[in-house]
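*Asks:* I would like to see how this sequence folds:
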Amino acid sequence: MKYQLGVVLLIPLLATCVHSTLNPNNKKSKKNPPDIKTNSGPVNLDVFERGLVDVEPHSLSIIQEANTYYRDTSLKNFNGTVLGYLTPWNSHGYDVAKIFGRKLNIISPVWLQIIRKQDLKYEVAGTHDIDENWMKDTRKAGVQKVIPRILFEQFTDRDFSKLLTYQEEINVVSKLIIDTCWKYKFEGVVLEVWSQLSQRVDDHHLVNLVKSIAKLMKQANLELILVVPPSRAPDLFNAQHFDQLWEDVSYFSLMTYDFSTYQRPGANSPIYWMKNAVHHICPSADKDKRAKILLGLNFYGYDFTPNGGEAVIGNTYLTLLKFYKGKLKLDEKDQEHYFEVKTPTGKHFVFYPTLYSVQLRIDLARELGTGLSIWEIGQGLDFFYDLL
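*Replies:* Presented below is the predicted three-dimensional model:
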């Protein structure tokens, strides 16, 4: 189900959308949202015992309880592998990793980039973001592995061509990654390259790049986690790719989010689409294969406005929610909640995870036999972690 914002510039793209109207209670906006008493920190009952995992959550209960969590953070409800991404620009993620370390098997800080200097010479950038003291604290808190994400940056087409064509270039990059892991005591890396190159190069070369790096890292007792796009046109990553790589790659971080766009506003991650994305790359219910897929779980949302909108994280979401009074609406097909509100900045049409929608996706991962990859822990609400 898609939605119309009633913007002249978007009419050609949204002509087939279902028109949504604002709740009459929210038509009048105030200069500032009302002050609402909020709770925070550890509490004696979890979200299930407090009745917060509700198909019709009320805005007031979300605002009041979003920053709370059950005091026993060692309790795990999901037995699969959980990877949590962390970005330096959402610093709350650093605290989340330490508080909920026993629920998060792998933390992947978004720190590193590979830069090509010349033939057979590369360097790793972003090491200034590495926080070794935080890593020690996080491991003490229960996180099993710190596996940072790494990108190829500032590469020209010629640079990529050489990397993909010559095995010696791949070996140099692999050794650089391995040396970096050993130097900073990482357990591996999350490699994000597939979406970057899959429409520009022959699949054979891309598979060889990933497979070669993964094999050398495995020999060094290090893990390679590959970020892969979900099924949509064009078909960038499919079952054939998965079968060629799954024995060498430790996990596949499946990006099952960002389904909708500013031109076609709607759910961030429809649940039926998430299920199809897993079946698309791994039709077999083979337990060993499925366990290597980390189903993408977004802890952010989107605020669609007449001007297009933007991604929205926890604190911003709660501020917008203060202008809304009542129960959130559920898109029954996509199984995501949303609300519409008018503020001093204009109309907002907001999709953001709720306890109910997150729980449905955790249940889906359990049903499919996959793990989870959360983008990203600094953007979520603290009470989400009771579910894990």
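*Asks:* which strand of this protein spans the most residues?
*Replies:* The single longest strand within the chain, with elements called by DSSP state E, is strand 106-118.
*Asks:* so what are the sheet partners of the helix or strand following it and their directions?
*Replies:* For strand 106-118, the following helix or strand on the C-terminal side (DSSP states H and E) is strand 121-125. Strand 121-125 has the following strand partners under DSSP bridges: strand 106-118 (antiparallel).
*Asks:* convert the C-alpha atoms of the strand it pairs with to CSV, please.
*Replies:* The C-alpha trace of strand 106-118 is given here as CSV (Å, rounded to 0.1, in the frame of the first residue of the first chain):
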residue,chain,number,x,y,z
ILE,A,106,28.4,-9.0,16.7
ILE,A,107,28.9,-5.2,16.7
SER,A,108,29.8,-3.7,13.4
PRO,A,109,31.1,-0.1,13.8
VAL,A,110,31.0,1.9,10.5
TRP,A,111,34.6,3.0,10.7
LEU,A,112,36.8,1.9,7.8
GLN,A,113,37.5,2.5,4.1
ILE,A,114,40.0,1.0,1.7
ILE,A,115,41.8,3.6,-0.5
ARG,A,116,43.8,2.7,-3.6
LYS,A,117,47.1,4.7,-3.9
GLN,A,118,48.7,3.0,-6.9
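*Asks:* chain center to it, what's the gap?
*Replies:* Per C-alpha atoms, centre = their mean, to the nearest Å, the displacement of strand 106-118 from the mean C-alpha position of its chain is 18 Å.
*Asks:* buried set for that strand?
*Replies:* By 16 or more other C-beta atoms under 10 Å, the buried positions in strand 106-118 come out as Ile106, Ile107, Ser108, Pro109, Val110, Trp111, Leu112, Gln113, Ile114, Ile115, Arg116. Glycine gets a C-beta too; all of them are placed from N, C-alpha and C.
*Asks:* ok so, going back, quick check: mean pLDDT of the longest strand of the chain?
*Replies:* Mean per-residue pLDDT for strand 106-118: 98.
*Asks:* same deal with stretch 225-240?
*Replies:* The average pLDDT within stretch 225-240 is 94.
*Asks:* quote the end-to-end distance of that stretch.
*Replies:* 18 Å (C-alpha to C-alpha, to the nearest Å).
*Asks:* got any ranges where this protein has weak pLDDT?
*Replies:* For the chain, the stretches with pLDDT under 70 are 1-31.
*Asks:* what ranges does it have for its helices?
*Replies:* In the chain, the helices defined using DSSP state H lie at 59-65, 92-99, 132-140, 157-165, 167-184, 194-197, 203-219, 239-245, 271-281, 287-290, 314-321, 355-368.
*Asks:* okay, the last one in CSV with CA atoms only?
*Replies:* Right, helix 355-368. The C-alpha atoms that make up helix 355-368 are tabulated as CSV, following Å, rounded to 0.1, in the frame of the first residue of the first chain:
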residue,chain,number,x,y,z
LEU,A,355,7.5,-3.0,19.5
TYR,A,356,4.7,-4.9,17.6
SER,A,357,6.3,-4.6,14.2
VAL,A,358,9.8,-5.4,15.4
GLN,A,359,8.4,-8.5,17.2
LEU,A,360,6.8,-9.7,14.0
ARG,A,361,10.1,-9.5,12.1
ILE,A,362,12.0,-11.3,14.9
ASP,A,363,9.3,-14.0,14.6
LEU,A,364,9.8,-14.1,10.9
ALA,A,365,13.6,-14.6,11.3
ARG,A,366,12.9,-17.4,13.8
GLU,A,367,10.5,-19.0,11.3
LEU,A,368,12.9,-18.7,8.4
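*Asks:* and Asp286, how many residues sit next to it?
*Replies:* 12 (other C-beta atoms under 10 Å).
*Asks:* and Ala233, by the same measure?
*Replies:* For Ala233, the count of nearby residues is 5 (other C-beta under 10 Å).
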